[in-house]
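# Pasting a predicted model and its sequence here:
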Amino acid sequence: MITFDNSPTVYWLIGYILAGIVVLSALYKKLPLAVFLLLSISLLTLMRLPVLVFNRELNPDESQMLSHAITLYQDPVYWQSVDGTTIGPLDNYLLVIPRIPGFQIDYVSGRVMGFLCVAGALLLLFFTLKNWFGDLSARRIILAPLLFLAFTQEVDFVHYSSEQLSIFLLALATWIFSKTTNHIGDASRNHYSLGLILGVIPFAKLQAVPQAVVITLAAIWVCFRWYQQTKKWQPLAMLIAGGMSFPVITLIWAMYHHVLTDLIDFYLLGNVIYAGGSDSASIPVQLFRIVKASPDFSVFACILLLPVLAGAGSKIVGFRKSDNLTALFIPVTIFALLVASIYAVTKSGNAFVHYLNFCIIPWTLLAAYGMKRLEKWALIIPCIFLAWFVSNDAFSYLKERKLNNFVSVNATALKQSPVVKELKKYTHSNDYMVVWGWQCMYYVEAQLAQGTAENHSERSIFKHDMKEKYRSRYLSDMLKTKPAVFIDAVGKNSSWVQDRKTQGFESYPALAQYVKANYKFIGDFDHARLYIRKDRL
């Protein structure tokens, strides 16, 4: 596998030359569309390679989802073997795909799947822009998210995150919706497809539902307009049928596998607990806090602010002149998508920068309205963005001789923590293990399935209304899977839970009693207490 050191100067130079070619090609009307898109995806791929081959955890969420995927390959019934808490089942099933042809489930395979979602979402965004604003405008405005996603090295935008599949599905739904508004293709087929994708989105991530609701309401309005013109209800019927298809199939599947109660308790109600962080009054403050934490996204948002304001001004003036609500339908829908994305980003009260991924598509769509008014300065926007990244890289190179944040030399294979090296002496490939605390990296390094549905135990530690229910399931799962390994990771290497005295597994007396009766303490390895099941010794 190829590797990258901390300053691959020639490689970076090639990336910026290719970026310049892509920018110029966007302004050249006669260049075939396929060539422009090929150049664009080549740029995105080229600049993402350093992080794609870097086989180390960048965010705890990566290990959490990869651990779920390792488990699902062994026991594929979600909510029986795996509970992703706020992460939907489809995010985790996506990561199983590389294992089917025989690849290892690790950080490389996870980021490749995430990259495919990002690239796919960008292409779908382009085709949406093309449907609503024309080929030339689409080529110009797509440069902003393309350059941002290609050159940013902020961890929250390059690691595999639970937002990536949801954003791909939202981009797909928006593209199909743009076809319905432009009467492209068969109306009934488009509305069924749109409904189907909208029905799938909640099972990727509930956080994406607000935007899905906006598209659903807009699609219903299109169906109503269709009825006014044709007196036919087929598009609406197909939209409803498509929207119900996947949820009904999932409901039947959950009942068949006896996990319907778990779906309701741990996915729906569990998400309600998580989503109760911010009220409407604190949303602007929370948004400012998250955006401020990301310099690259701040520049992205500011650069597009000018076309956003230009587009908003033109539509306000146009509305006053024509008083035409139909003409405002698309911009109002896009604005509603942006509001919904901001709500999704801020509602939980957690200032996670990777939530901003939800804002990229709506903000780009909104900016597209102003591009025609700024046609003479179309080249300025991507040039400013490129100048931002070039200056950052130049400063980093002069100060630290560093261009690349993801040094993959000696980091393309999975490492093994001390506790993983030790547990390997006692385990087989089809064994289960359990980690109390929050250190899902051990599952990935050991390539062992999790013996409890939740692979971290913060919901069995912190006080909330469902704490006892989570604890009961945790112990019940261990009684069922009889994991060969139990690790108490509470300590300096555990996310969120680090106080061994009050949060160690002894804080749950029933669990402590079970571990004491069935496991032998092997030792403390870098603040991780290792226990091996007695019948393995």
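Good, I have the coordinates. Numbering: from 1, shown residues only.
# only C-alpha atoms for contact and neighbour calcs from this point on.
Noted.
# how about the strands in the stretch 301-450 of the chain?
432-436, 449-450 (DSSP state E, counting those that start in this stretch).
# and if you look at the chain?
432-436, 449-450, 485-488, 519-524, 529-533 (DSSP state E).
# can I get these in a markdown table with mean pLDDT and distance to Y343?
A markdown table is the format used below for those (pLDDT from 0 to 100; distance: least, CA to CA, whole Å):
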| stretch | mean pLDDT | distance to Y343 |
| --- | --- | --- |
| strand 432-436 | 96 | 33 |
| strand 449-450 | 97 | 33 |
| strand 485-488 | 97 | 36 |
| strand 519-524 | 96 | 44 |
| strand 529-533 | 97 | 41 |
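# For the ones you listed, state which one has the densest average packing.
strand 449-450 (a mean of 29; mean count of other CA atoms under 10 Å).
# List of residues touching that strand?
By CA atoms under 8 Å, 6 or more residues apart in numbering, the list of residues contacting strand 449-450 from outside reads 67-68, 70-71, 74, 81, 430-434, 443.
# Please pick the buried ones from those residues.
Neighbour counting over the contacts of strand 449-450 (16 or more other CA atoms under 10 Å) leaves 67-68, 70-71, 81, 431-434, 443 as the buried ones.
# Output these as JSON lines; include the columns distance to F406.
Formatted as JSON lines, those follow (distance: CA to CA, whole Å):
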{"residue": "S67", "distance to F406": "22"}
{"residue": "H68", "distance to F406": "25"}
{"residue": "I70", "distance to F406": "25"}
{"residue": "T71", "distance to F406": "28"}
{"residue": "S81", "distance to F406": "33"}
{"residue": "D431", "distance to F406": "32"}
{"residue": "Y432", "distance to F406": "31"}
{"residue": "M433", "distance to F406": "30"}
{"residue": "V434", "distance to F406": "30"}
{"residue": "Y443", "distance to F406": "22"}
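# what ranges do the helices span in the stretch 401-537 of the chain?
Assigned by DSSP state H, counting those that start in this stretch, the stretch 401-537 of the chain shows helices spanning 418-423, 441-446, 467-481, 500-503, 509-518.
# now swap in the stretch 151-300 of the chain and tell me
155-158, 163-181, 187-200, 209-230, 234-256, 260-262, 270-274, 283-292, 295-322.
# Please report how far the residue nearest the centre of the chain lies from N55.
For the chain, E163 is the residue whose C-alpha lies nearest the centre (CA atoms, centre = their mean; 1.9 Å). Distance of E163 to N55, computed by CA to CA, to the nearest Å: 20 Å.
# Same question for W221.
47 Å.
# again with C302
Counting by CA to CA - C302 and N55 are separated by 33 Å.
# So between the two, which is more surrounded?
The neighbour comparison of C302 against N55 (other CA atoms under 10 Å) goes to N55, with 22 against 12.
# check contacts around the more buried one.
Contacts of N55 (CA under 8 Å, 6+ apart): 106-108, 408, 411-414.
# Would you agree A344 is in contact with P210?
Yes. The pair A344 / P210 is scored as a contact, 6.8 Å apart, by CA atoms under 8 Å.
# neighbour-wise, which of those two wins?
Counting neighbours by other CA under 10 Å for A344 and for P210 shows that A344 has the greater number, 22 against 19.
# which one is that one nearest to, not counting chain neighbours?
Nearest residue to A344, sequence neighbours excluded (CA to CA, 6 or more residues apart in numbering): Q207, at 5.6 Å.
# Run a quick neighbour tally on the one you found.
27.
# For stretch 334-342, give me every contacting residue.
Contacts to stretch 334-342, defined as CA under 8 Å, 6+ apart, come from residues 208, 210-211, 214-215, 283, 287, 358-359, 362-363, 365-366.
# distance between that stretch and the chain's centre?
In terms of CA atoms, centre = their mean, to the nearest Å, the centre of stretch 334-342 is found 18 Å from the chain centre.
# cool, stretch 2-16 as well?
26 Å.
# From the opening residue of that stretch to its closing one, how far?
So stretch 2-16: terminal residues 20 Å apart, CA to CA.
# Quick one: mean pLDDT over that stretch.
The average pLDDT within stretch 2-16 is 95.
# hmm, who's touching that stretch?
43, 46-47, 50, 53, 397, 401-409, 412.
# Would you convert the strands of the stretch 301-450 of the chain into JSON lines that also reports distance to L169?
Shown next, in JSON lines, are the strands of the stretch 301-450 of the chain (distance: least, CA to CA, whole Å):
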{"stretch": "strand 432-436", "distance to L169": "32"}
{"stretch": "strand 449-450", "distance to L169": "28"}
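# Please save the CA atoms from stretch 374-385 in CSV.
The C-alpha trace of stretch 374-385 is given here as CSV (Å, rounded to 0.1, in the frame of the first residue of the first chain):
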residue,chain,number,x,y,z
LEU,A,374,-22.2,37.4,-9.9
GLU,A,375,-21.3,35.7,-13.2
LYS,A,376,-18.5,38.2,-14.0
TRP,A,377,-16.8,37.3,-10.7
ALA,A,378,-17.4,33.6,-10.8
LEU,A,379,-13.7,32.8,-10.8
ILE,A,380,-13.1,34.7,-7.6
ILE,A,381,-14.9,32.3,-5.3
PRO,A,382,-12.8,29.2,-6.0
CYS,A,383,-9.6,31.3,-6.3
ILE,A,384,-10.2,32.7,-2.8
PHE,A,385,-10.8,29.2,-1.5
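# residues in contact with that stretch?
23, 27, 140, 143-144, 147-148, 299-300, 303-304, 307, 310, 371.
# Recalculate using a threshold of 7 Å.
Contact with stretch 374-385 is made by 23, 140, 143-144, 303, as judged by CA atoms under 7 Å, 6 or more residues apart in numbering.
# can you pick the most crowded of those residues?
Among those, the one with the most neighbours (other CA under 10 Å) is A144, at 25 neighbours.
# what's the closest non-adjacent residue to that residue?
The shortest distance from A144 to any residue other than its chain neighbours is 6.1 Å, reached at P382 (CA to CA, 6+ apart).
# And S245, by the same measure?
That would be L196: by CA to CA, 6+ apart, it lies 6.4 Å from S245.
# Enumerate every residue touching that neighbour.
242-243, 245-246.
# For stretch 222-239, the averaged confidence score.
So the average pLDDT for stretch 222-239 ends up being 87.
# From one end of it to the other, what's the distance?
Using CA to CA, the two ends of stretch 222-239 sit 11 Å apart.
# for that stretch, which positions count as buried?
Buried-residue list, stretch 222-239, by 16+ other CA under 10 Å: 222-224, 226, 234-239.
# returning to what we had before: would you reformat the contacts of stretch 334-342 as CSV and include distance to Y514 and pLDDT?
Listed next are the contacts of stretch 334-342 as CSV, based on distance: CA to CA, whole Å; pLDDT from 0 to 100:
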residue, distance to Y514, pLDDT
A208, 40, 95
P210, 43, 95
Q211, 45, 97
V214, 49, 97
I215, 50, 97
I283, 44, 83
L287, 45, 91
F358, 43, 96
C359, 46, 96
P362, 51, 96
W363, 52, 95
L365, 55, 94
L366, 57, 92
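# Dump those residues into JSON lines; add distance to D5 as well.
Below are the contacts of stretch 334-342 laid out as JSON lines (distance: CA to CA, whole Å):
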{"residue": "A208", "distance to D5": "37"}
{"residue": "P210", "distance to D5": "41"}
{"residue": "Q211", "distance to D5": "40"}
{"residue": "V214", "distance to D5": "45"}
{"residue": "I215", "distance to D5": "44"}
{"residue": "I283", "distance to D5": "41"}
{"residue": "L287", "distance to D5": "35"}
{"residue": "F358", "distance to D5": "31"}
{"residue": "C359", "distance to D5": "32"}
{"residue": "P362", "distance to D5": "36"}
{"residue": "W363", "distance to D5": "34"}
{"residue": "L365", "distance to D5": "37"}
{"residue": "L366", "distance to D5": "39"}
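# Out of these, the closest to S178 would be?
For those, the closest approach to S178 (CA to CA) belongs to I215, at 10.2 Å.
# Quick check: the gap between the closest one and R471.
In terms of CA to CA, I215 sits 38 Å off from R471.
# Not counting its neighbours along the chain, what's nearest W226?
Per CA to CA, 6+ apart, closest to W226 is K232, 7.2 Å.
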